[in-house]
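1. Need coordinates for the following:
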Amino acid sequence: MDLIVVKGVPPYDGEWGFDLEARELTTREWGWIKRLAGYLPAALDDQAMGDPELVTVLAAIVLRRNGKIDHLQVPMVFDRLSDAPFGAAITLETDRQEEEEVDAGPPPPRSTGNGDGSGRTSPASSETSPQSPNSSGIPASATSLSVPPRSGN
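-> Numbering: from 1, shown residues only. Okay, here's the model as predicted:
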C-alpha cells in the first residue's frame, strides 16, 4: 500500500494509506485528477507519480476518502496543499520505494587491490617492458649508428 504523508499543513497532517489497485478511482476522483493535475487514466504511470500536482490532488482525494473533507472541499484543499512545500510537507511513499531499499541492502565493499579489476596488472617498476616491433618492418639494431664528428680542415 502506498502512503501519502502530509506534514505542517494543519488540520490535514497525518499519514494516509492509498492503494489504487485495491480501491479504484471513481469518476468524480478522475475528474479532479483531470481538472486539477491534467492527467488522464492512461497517463498514470510510475513517472507521473513524481508530479507534485498529481500527488497533491491524490492527497486531497485520500483526505476525502478518510472523511477529513467532503467532496465540495477537494478543490479548496488542493489549493491549500499546493501552497505547501512539496517534498517537505507532502510526500508519496510507495511500496516500490520500500522494496528497493530492502532489496538494495548494504553497499558492496570497496576493493583497494588490483587483483579483481579488468585488464592486465602493471609490471613491477624494476621490470622492463618487452620491446614493441618496429612498424617499418626493418629489424631494430642493437646499437644506433652514429656519424663520426668531422674534423676541422
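2. quick one: contacts for the nearest residue to residue 19 once chain neighbours are set aside?
-> Counting by Cβ to Cβ, 6 or more residues apart in numbering, residue 1 is the residue found nearest to residue 19 once chain neighbours are left out, at 4.5 Å. To be clear about C-beta, it is placed using only N, CA and C from the backbone, and glycine gets the same treatment. Contacts here follow Cβ atoms under 8 Å, 6 or more residues apart in numbering; on that basis residue 1 touches 17, 18, 19, 22, 95.
3. what would these look like in TSV with pLDDT?
-> Shown next, in TSV, are those (pLDDT from 0 to 100):
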residue	pLDDT
17	90
18	84
19	84
22	80
95	71
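4. Among the residues you listed, which pair sits farthest apart?
-> 22 and 95 (11.8 Å; Cβ to Cβ).
5. where exactly do the strands run in this protein?
-> Secondary structure of the chain (DSSP state E): strands located at 2-6, 14-18, 90-93.
6. all helices of this structure, in order?
-> 27-32, 52-65, 74-82, 95-104 (DSSP state H).
7. For the chain, which residues score under the pLDDT cut-off?
-> Counting by pLDDT under 70, the ranges of the chain that qualify are 96-153.
8. quick one on the thing from earlier: between residue 22 and residue 95, tell me which one has more neighbours.
-> residue 95 (11 against 8; other Cβ atoms under 10 Å).
9. ok, now how distant is that one from residue 13?
-> Applying Cβ to Cβ, to the nearest Å, the value for residue 95 to residue 13 is 22 Å.
10. Please apply the same query to residue 1.
-> In terms of Cβ to Cβ, residue 1 sits 19 Å off from residue 13.
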